[in-house]
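1. only the shape, not the letters, is given here:
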């Protein structure tokens with residue numbers, strides 16, 4: 001009974017270790033491989049302790065698989081979708097809006113005694129800054145939401161001791177030696 005429990009615990013820890021995001025996990029993941037100063041991009045066909053195979057696309061046509069060894073590879077990145085820049089656009093737009101208001105406010109010739117009565121400069125600054133800043137933020141967010149960039153996540157490269165193998169179809173294979181019993 002003790003051996004069964006130990007064996008089950010070893011298999012469970014092995015499964016958790018292998019499913020730890022060490023390799024791309026979806027069939028045909030789009031990956032970018034950096035080799036020295038060059039870069040290749042294609043669908044991942046296989047990944048094991050010796051290297052990886054990519055299916056490159058040339059002029060929108062699938063090409064033959066390209067096999068690379070880990071000694072040639074500097075870095076591997078997995079495509080993670082696109083990202084918009086709504087927040088950045090909103091911040092820039094708010095800053096531009098407030099700056100435009102500050103310029104308009106600075107060009108006014110009449111502040112203080114002798115001008116319109118009941119106008120408080122502090123209130124004008126707060127309300128005007130909020131209105132121009134809000135309009136600028138809205139316009140900036142709209143522009144930023146249309147600006148999209150690709151997101152890439154770096155994938156850790158396997159070491160010779162990993163014992164992890166991944167192939168198209170989503171199977172993950174792990175190798176381990178478990179010794180049970182007396183020495």
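-> Sure thing, it's come through. Just so you know, these numbers come straight off a predicted model, no measurement behind them.
2. buried set for stretch 125-135?
-> By 16 or more other C-beta atoms under 10 Å, the buried positions in stretch 125-135 come out as 128-129, 132-133, 135. All C-beta atoms are positioned from the backbone trio N, CA, C, and that covers glycine.
3. ok, now stretch 67-83?
-> Buried residues in stretch 67-83, counted by 16+ other C-beta under 10 Å: 68, 73, 76-79.
4. export these to TSV and tack on distance to residue 146?
-> Below are the buried residues of stretch 67-83 laid out as TSV (distance: C-beta to C-beta, whole Å):
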residue	distance to residue 146
68	36
73	35
76	30
77	25
78	25
79	21
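5. related to what we said a few turns ago, export the buried residues of stretch 125-135 to a markdown table and append columns for secondary structure, distance to residue 91 and pLDDT.
-> Formatted as a markdown table, the buried residues of stretch 125-135 follow (DSSP: H, G, I helix; E, B strand; the rest coil; distance: C-beta to C-beta, whole Å; pLDDT from 0 to 100):
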| residue | secondary structure | distance to residue 91 | pLDDT |
| --- | --- | --- | --- |
| 128 | helix | 19 | 90 |
| 129 | helix | 15 | 92 |
| 132 | helix | 14 | 94 |
| 133 | helix | 10 | 95 |
| 135 | helix | 14 | 95 |
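6. now do stretch 54-73: everything it contacts.
-> With C-beta atoms under 8 Å, 6 or more residues apart in numbering as the test, stretch 54-73 has contacts from 28, 31, 33-35, 40-45, 49-53, 157-158.
7. thinking again about what came up before, show me which of the buried residues of stretch 125-135 is closest to residue 102.
-> residue 129 (7.9 Å; C-beta to C-beta).
8. list the contacts of that closest one.
-> Residues near residue 129 by C-beta under 8 Å, 6+ apart: 98, 101-102.
9. try residue 101
-> Residue 101 neighbours (C-beta under 8 Å, 6+ apart): 128-129, 131-133.
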